[in-house]
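A.B. asks: generate coordinates for the sequence data below:
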Amino acid sequence: CDIITNHVPLDLKGKYQTLNLINQDNINRVKKSALFIHASRGEVVNEDALINKINRKEISAAIDVWENEPEVDPESIKAAMIATPHVAGHAFDGKIRGSIMVAEAFEKHFNLKPDYSVFAKVLKDYNPLEKSKYKDHDFIYNKLKKSRLIDHDHWFFTNLIDLPKNIRTKEFENFRKNYPVRRESF
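C.D. replies: Residues are numbered from 1 along each chain as shown. I've put the predicted structure just below:
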């Protein structure tokens, strides 16, 4: 594959464990010149194996999740073509939909119907992108740059590299806690 992306949960137990799912053997099988997008949970990928593959100039990587967050390894940040602090759950629309899920669980458990109108009111101006727009890669890229601020996030994150570990960790946490409210793009 030219592009590989992962979005599995971190599962430490059970039949389908994902801890080190992408290990040294698997990462070595990735096609040279491929783009690897790491966007699930840090420990799903063996970070040392990924960094070695990148440093040998065999693949490029966009990394959004990290082993041992918030204590991120500066070498992994340096290795990434794009390095961002995982903020997927920070989209306003996602938080509202998460709140709806909590309300639905409340309703089911207590057999009491919450007032869902407040959710509908807040989400009324959310307009998912038409599927025909997905083929316009420049449009998608520009929309993501605007809504997610990927360039700014990468700039911020790479500027943490030279900070002492305790300050880097605090800055990482503060960045995520104070990430600006944004609407979903798609």
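A.B. asks: quickly find the element holding Leu99.
C.D. replies: You called it Leu, but residue 99 is Ser. Using DSSP states H and E, Ser99 maps to helix 92-110.
A.B. asks: chain center to that helix: distance?
C.D. replies: 22 Å (C-alpha atoms, centre = their mean, to the nearest Å).
A.B. asks: output the below-cut-off pLDDT ranges for the protein.
C.D. replies: 89, 185-186 (pLDDT under 70).
A.B. asks: quick one: the strands in it?
C.D. replies: Ranges of strands in the chain, per DSSP state E, are 3-6, 34-38, 59-63, 82-83.
A.B. asks: now those strands in CSV, with mean neighbour count?
C.D. replies: In this view, the C-beta of every residue, glycine as well, is placed from N, C-alpha and C. Formatted as CSV, those follow (neighbours: other C-beta atoms under 10 Å):
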stretch, mean neighbour count
strand 3-6, 14
strand 34-38, 19
strand 59-63, 20
strand 82-83, 20
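A.B. asks: would you turn these into TSV with distance to Phe172?
C.D. replies: Output for the strands of the chain, formatted as TSV (distance: least, C-beta to C-beta, whole Å):
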stretch	distance to Phe172
strand 3-6	21
strand 34-38	16
strand 59-63	13
strand 82-83	11
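A.B. asks: how many residues are close by Ser76?
C.D. replies: The number of residues packed near Ser76 is 22, by other C-beta atoms under 10 Å.
A.B. asks: against Asp93, how distant is it?
C.D. replies: The gap separating Ser76 from Asp93 is 30 Å, by C-beta to C-beta, to the nearest Å.
A.B. asks: please apply the same query to Thr158.
C.D. replies: 28 Å.
A.B. asks: repeat for Leu50
C.D. replies: For Leu50, the distance to Asp93 (C-beta to C-beta) stands at 31 Å.
A.B. asks: which of those two has more neighbours?
C.D. replies: Ranked by neighbour count (other C-beta under 10 Å), Leu50 and Asp93 place Leu50 first, with 24 against 16.
A.B. asks: the more buried one against Ser76, yeah?
C.D. replies: Yes. The pair Leu50 and Ser76 passes the contact test of C-beta atoms under 8 Å, sitting 7.5 Å apart.
A.B. asks: which residues do these two both contact?
C.D. replies: Common neighbours of Leu50 and Ser76 are listed as Ile63 (criterion: C-beta atoms under 8 Å, 6 or more residues apart in numbering).
A.B. asks: where do the helices of the protein begin and end?
C.D. replies: According to DSSP state H, the chain carries its helices in the segments 24-28, 47-55, 74-79, 92-110, 117-123, 137-148, 150-158, 165-177.
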